[in-house]
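Enquirer: how does the following fold in three dimensions:
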Amino acid sequence: MRPILFAVFTLIAGFIAQQFLPWWVIAVIAGILSYIFDLKTGVSFWAGFVAAALLWGGYAGYLDFQNEGLLSARIGKLFGGLPNIVLILVTGIIGGIFGGLGALTGSLGRRLTAKRE
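Expert: Numbering: from 1, shown residues only. Sure thing, here's the model as predicted:
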């Protein structure tokens, strides 16, 4: 249940933060929340990956829908004729990698600073 809650909080906080801050803030958000939630490293990476991939892929899909695919069609031509959906998926995967690595960093930071008994 905690990984799902972590992913939801990361998705919401990332959405709000990316309206005002640079693109890389998703990694910082995922790292801070991963530190707070104290998830295991593998779970933390995948939950951060899913949250950021949904955020970036969903937003890219939304923007593609809003401009009727004109911009993504032109960018797809630059990359050898890639379809719109491939560009959206690649955007989601890149965002997922950033979010997953940020969450992994937060989880490892928690392990590093934890009190040893």
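
Enquirer: helices along this structure, start to end?
Expert: For the chain, applying DSSP state H gives helices covering 2-17, 25-37, 41-66, 70-78, 84-113.

Enquirer: from the chain's centroid, how far away is the longest one?
Expert: Taking C-alpha atoms, centre = their mean, to the nearest Å, the mean C-alpha location of helix 84-113 is offset from the chain mean by 5 Å.

Enquirer: quick one: contacts for the most centrally placed residue in the chain?
Expert: Of all residues in the chain, the one closest to the mean position by C-alpha atoms, centre = their mean is A52, 1.6 Å from it. Applying C-beta atoms under 8 Å, 6 or more residues apart in numbering, we find A52 in contact with 10, 14, 26, 30, 95-100, 102. Just so you know, the C-beta spots here come from the backbone N, C-alpha and C atoms, and that holds for glycine as well.

Enquirer: most surrounded residue in the residues you listed?
Expert: Neighbour counts for the contacts of A52 (other C-beta atoms under 10 Å) peak at A30, which has 34 neighbours.

Enquirer: by contact count, what packs against the helix or strand of the chain with the lowest mean pLDDT?
Expert: Among the helical and strand segments of the chain, the one scoring lowest on mean pLDDT, DSSP states H and E is helix 70-78, with a mean of 83. Counting contacts by 3 or more C-beta pairs under 8 Å, 6 or more residues apart in numbering; DSSP states H and E, helix 70-78 packs against helix 41-66, helix 84-113.

Enquirer: if you count neighbours, what's buried in that helix?
Expert: 72-73, 76 (16 or more other C-beta atoms under 10 Å).

Enquirer: what about it, distance to the chain center?
Expert: Centre-to-centre, helix 70-78 and its host chain are 23 Å apart (C-alpha atoms, centre = their mean).

Enquirer: again with stretch 8-28
Expert: That offset, for stretch 8-28, works out to 8 Å (C-alpha atoms, centre = their mean).

Enquirer: understood, closing this out.
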